[in-house]
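> this one's structure only:
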């Protein structure tokens, strides 16, 4: 062999010898690699010890990857002990582990809260917070307010700079929501922000259960809101609901029970106190009908402890190509006034499916909300429980309600009779179906088509029994109405997102069509029932004696259409310089024929100063960005299809040739030049972070100018058919500053303290009330009524002053006889009621400062959260106290303890004057919640959290009324006028369970 082998090798060509050697080396290498290659197995879980399916496990050296299954298990092949496994999952912090000879590797991934909070929802898409150039505030679910919440707006109280939300204790009343001051002269929806829910513009917030909301983004300035055009002048609130995360399934049940009580009552006299006051002032004893020896506290009799409960059950899952989920929410909120309550049930289900390697995405969501309200005739009851004589018992000996129909003065009817013999029941059924189709046409190029239909069926039924003091001898009065409104929306838009080296470009172009059909239904009333057994349930059993006893509701069916085109471009260079521009064209059938279309442009820019090289020399600053923007948005909310058209309506009945005939006459004038209000906003902002973002914040300064203000003014009937005309008449300006600070002062292994402070200042001023040939010197508002004051106005809208400016008589003290005196316009002092021309402009209802301070403490499994919020620098007209302060009529109505210091001879102490203009400033511990979370080490239960919460725990204020948080919406903000539903103090216990 020794001779053969050399001979053989010598005979082989050199090429083959080299080839054999190479194969031999490769074989040895493969055998060596095979000897080191091995399989690693393991499981991946989250913080609650639940398995995480869909986690990508990558071998960094080879790029091999595997995905965990539904049990969180994976199998992957590594090359040696020095290989590194990388675990990545959407919404979690990536983790790397060295193999180091381990046969199995189990890991736990933690939620990446920074990544989740960095996403901001903007119009028709999302953006990273670092790329935002407008004024946008995002609130995530973990930062929402806790407590008995009837609307999602309450989740944001005290959390968003510049957003002022006020709500009474009434479960059936929506809170007033004003963002960056009032910017219209109209009431209701015209002052509210525009809501977008899961991409559906104008969707009702009653379709939302707070537990189903993932995040809320508040778009404040026009550079952010202009993409929604003519409905965005008051800001845009975008709500995103919860969806299942990739590869996960979840089952969540949350529940709470709460008890509510009145936080404060008006201190009125008891029966004995009133008798003594009358006796001390020489007033003869009251008649037995007005004084039966009782000490009746009417406020306590009308009130109760209100019990509330809320249940929310939701399920969601996500597979390889689909996401699906369903939820049901039930809320029962008993008001603290008897016979007032809210009951709401919300059902929701959704499914999203992906096809063709995720190139095509289809989804549909169905939501139904059924709200039942039980209410009383509040204006009469709230006045009655204060003014009704405490010297009278509620009942006669036979059990009937005691009344004295001959008594005059305020609150002449028995409050308990008002509560139990007059009621309103409302059922509101809302259904929303929305779907989408999204197609990835090419890299970075996507087309989205969305469609939605919302139907709102509203039934309102009222009944006053034969015992009602409001309708004497009417033998029962019933009113029924049933109206349906529908809204259909179609949106189609293209997105193009690409990165070219240092350049990033995002383009949006779209079309929108919306049709709203409102007031499709009827309403009718009647009276004269043989008994009250059926209440409003069978109107045919009534026996009216004349046609005037069968009123029909004068509502009009209307169809309103919006057609829009919009586009937006976002450009970023070198991760430093940002530019965004957009424009939207809206066409609306609500406006005059000459102004059906409007254009709403916006442009904004940003400079990421932190990305500049010179910032590396300032390590204490971890984030710094300058923003500036200008844009125009409109306000078409609150209009119907006939706002600018000549329409006819019923003008009354007349007798003709033996027949009663309905007359028809003009009830609205045509205005072909009516156009929408336009709000132009300039916003300059600075975002910053210090100490590795342990302290972050923002400062925004804005100027918001509204032109083409719309109001209804009186016109000559020689020129117009009807005496009132809706027209554009002026300008208004809001300017202010907003500051937000977020900090994590302490963060250790077991203890964390997070705190957030926001405050804002806004100045409102009406600049003009003249335009296009129309001119108003002023607009008088707040006709509050009261003894001898039925024609008086207490507020005025006038150029140079804010909306909510008070125009009142000036109180100058008491004369020698103890009678209230007032200053006339010429400066003289009189002890009698002045004229309306003697009123003085003084102060306004707009707060100078709105603030909120929230804190969260975490120690191991314990957590404590509290929120302090308030306002400063506003005035409230306490017209309730003014009306009660009537010593001369104390034999007819009750008086407060305040009046004990007044002279009985003071015949005009009750006049609404600046004497009752009080500070509305307050500081409130609005919420405190203490919780404990259990995370069992079993797969069946992810976590259990138990908590106790209190709302409206205490308040610091000088205001003498029920509560200083009076309505700040509408044209008459800051007025407390005998109709304030008492504020409540709430304590609740709850549990959240995740499976």
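Sure, I can see it. Note that the structure is predicted; figures quoted are calculated from it, not measured.
> okay, now residue 562: neighbour count?
Close neighbours of residue 562, defined as other CB atoms under 10 Å, add up to 21. From N, CA and C alone the C-beta is placed, and that goes for glycine too.
> Check which helix or strand residue 973 maps to.
In the assignment (DSSP states H and E), residue 973 maps to no helix and no strand.
> show me the contacts for it.
Going by CB atoms under 8 Å, 6 or more residues apart in numbering, residue 973 touches 182, 803, 804, 845, 846, 966, 967.
> low pLDDT regions in the chain?
Counting by pLDDT under 70, the chain has low-confidence residues at 1-36, 48, 90-91, 112-117, 247.
> Determine which residue lies closest to the centroid of it.
Central residue check for the chain by CA atoms, centre = their mean: the C-alpha nearest the mean position is that of residue 153, 2.3 Å away.
> Same question for that one, what's its three-state structure.
With DSSP: H, G, I helix; E, B strand; the rest coil as the basis, residue 153 sits in helix.
> So it sits against residue 177, correct?
Yes - Residue 153 is in contact with residue 177 according to CB atoms under 8 Å; the separation is 5.2 Å.
> hey, what's in contact with both of these two?
residue 165.
> beta partners of residue 478?
Beta-bridge partners recorded for residue 478 (DSSP bridges): residue 463, residue 526.
> Next: residue 236.
residue 194, residue 219.
> Quickly name whichever of the contacts of residue 973 is closest to residue 87.
Using CB to CB, residue 182 comes nearest to residue 87 of those, at 52.2 Å.
> surely that closest one meets residue 803?
Yes - with contacts counted by CB under 8 Å, residue 182 reaches residue 803, the gap being 4.8 Å.
> Are there residues contacting both of those two? Which ones?
Common neighbours of residue 182 and residue 803, using CB under 8 Å, 6+ apart, are 732, 764, 846, 973.
> what's the burial count for the third one?
Summarising burial for residue 846: neighbours were counted as other CB under 10 Å, giving 26.
> That one and residue 803 touch, don't they?
Yes - between residue 846 and residue 803 there is a contact under CB under 8 Å: 7.2 Å.
> which residues do those two both contact?
Both residue 846 and residue 803 are in contact with 182, 764, 973, where contact means CB under 8 Å, 6+ apart.
> For my notes, confirm the second one occurs in a helix.
So the one you mean is residue 764. No - using three-state DSSP, the secondary structure at residue 764 is strand, not a helix.
> which ones are touching it?
181, 182, 732, 733, 734, 802, 803, 844, 846.
> now swap in residue 848 and tell me
Residues in contact with residue 848 (CB under 8 Å, 6+ apart) are 761, 872, 873, 874.
> Narrow those to just the buried residues.
Neighbour-count burial (16 or more other CB atoms under 10 Å) is assigned, among the contacts of residue 848, to 761, 872, 874.
> Output these in JSON lines, with distance to residue 905 appended to each entry.
Shown next, in JSON lines, are those (distance: CB to CB, whole Å):
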{"residue": "761", "distance to residue 905": "45"}
{"residue": "872", "distance to residue 905": "39"}
{"residue": "874", "distance to residue 905": "34"}
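> of all these, which comes closest to residue 641?
Among those, and counting by CB to CB, the member closest to residue 641 is residue 874, at 37.4 Å.
> Widest-spaced pair of the contacts of residue 764?
Farthest-apart pair in those is 733 and 844; separation 14.2 Å (CB to CB).
> the more surrounded of those two?
In this view residue 733 and residue 844 are compared by other CB under 10 Å, and residue 844 has more residues nearby, 22 against 18.
> any chance of the contacts of residue 764 in TSV, plus distance to residue 546?
Output for the contacts of residue 764, formatted as TSV (distance: CB to CB, whole Å):
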residue	distance to residue 546
181	49
182	44
732	47
733	53
734	52
802	48
803	43
844	47
846	48
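> Out of the residues you listed, which comes closest to residue 163?
For the contacts of residue 764, the residue nearest residue 163 by CB to CB is residue 181; the value is 10.8 Å.
> I figured the closest one hits residue 761, correct?
No - if you go by CB under 8 Å, residue 181 and residue 761 don't touch, sitting 10.1 Å apart.
> Give the residues shared as contacts by these two.
residue 736.
> what about residue 889, distance to residue 955?
Here residue 889 is placed at a distance of 31 Å from residue 955 (CB to CB, to the nearest Å).
> Likewise for residue 979?
20 Å.
> Can you give me every residue that contacts residue 701?
For residue 701, the contact set (CB under 8 Å, 6+ apart) comprises 683, 684, 685, 736, 737.
> to the chain's geometric centre, what's the distance from whatever helix or strand the last one lives in?
Assigned by DSSP H and E, residue 737 belongs to strand 724-747. In this view, strand 724-747 has its centroid 15 Å away from the chain centroid, taken as CA atoms, centre = their mean, to the nearest Å.
> Run me through the strand neighbours of it, direction for each.
Here strand 724-747 has these sheet partners by DSSP bridges: strand 695-714 (antiparallel), strand 751-768 (antiparallel).
> Turn those into a markdown table, including distance to residue 169.
Shown next, in a markdown table, are the strands paired with strand 724-747 (distance: least, CB to CB, whole Å):
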| stretch | distance to residue 169 |
| --- | --- |
| strand 695-714 | 32 |
| strand 751-768 | 25 |
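> residues of stretch 278-289 that come out buried?
Buried residues in stretch 278-289, counting neighbours by 16+ other CB under 10 Å, are found at 278, 286.
> Not counting sequence-adjacent ones, nearest residue to residue 256?
Among residues not flanking residue 256 along the chain, residue 990 sits closest, at 3.1 Å (CB to CB, 6 or more residues apart in numbering).
> Beta-bridge partners for that neighbour, please?
Beta bridges link residue 990 to residue 256, residue 947, judged by DSSP bridges.
> so it sits right up against residue 930, yeah?
No - Residue 990 lies out of contact with residue 930 (CB under 8 Å); the separation is 11.2 Å.
> So the two - more neighbours on which side?
Using other CB under 10 Å, the more surrounded residue of residue 990 and residue 930 is residue 990, with 20 against 15.
> Please name the residues that touch that one.
By CB under 8 Å, 6+ apart, the contact list for residue 990 reads 254, 255, 256, 257, 946, 947, 948, 949.
> residues in contact with the third one?
Looking back up the chat, that one is residue 256. 148, 308, 309, 310, 949, 988, 989, 990, 991.
> Relative to residue 462, which of those residues is nearest.
Residue 462 has its nearest neighbour among the contacts of residue 256 in residue 308, at 24.6 Å by CB to CB.
> Tell me the helix or strand right after the strand or helix carrying that closest one.
Assessed by DSSP H and E, residue 308 sits inside strand 306-318. Next in sequence after strand 306-318, counting helices and strands by DSSP H and E, comes strand 322-334.
> So which residues make contact with that next one?
For strand 322-334, the surrounding residues in contact (CB under 8 Å, 6+ apart) are 148, 150, 171, 209, 211-212, 242-244, 260, 304, 306-318, 340-354.
> Relative to that strand, what are the paired strands and their orientations?
Strand 322-334 has these partner strands in its sheet, going by DSSP bridges: strand 306-318 (antiparallel), strand 341-355 (antiparallel).
> Distance check, residue 866 against residue 595.
50 Å.
> quick one on the thing from earlier: now a ChimeraX select for only the buried ones of the contacts of residue 256.
The ChimeraX selection below is limited to those of these classed as buried (16+ other CB under 10 Å):
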select :148,308,309,310,949,988,990
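> and of the contacts of residue 256, the nearest to residue 473?
In terms of CB to CB, no member of those lies closer to residue 473 than residue 308, at 39.5 Å.
> what pairs with that closest one across the strands?
Here residue 308 sits in beta bridges with residue 258, residue 333, going by DSSP bridges.
> Next up, the contacts around it.
The contact partners of residue 308, by CB under 8 Å, 6+ apart, come to 148, 256, 257, 258, 259, 260, 331, 332, 333, 334, 986, 988.
> And the first one, how far from residue 992?
Going back to what we said before, that points to residue 148. Residue 148 is 16 Å from residue 992, by CB to CB.
> With the fourth one instead?
Here residue 258 is placed at a distance of 15 Å from residue 992 (CB to CB).
> Compare these two and say which is more crowded by neighbours.
For residue 258 versus residue 992, the count of surrounding residues by other CB under 10 Å is larger for residue 258: 22 against 18.
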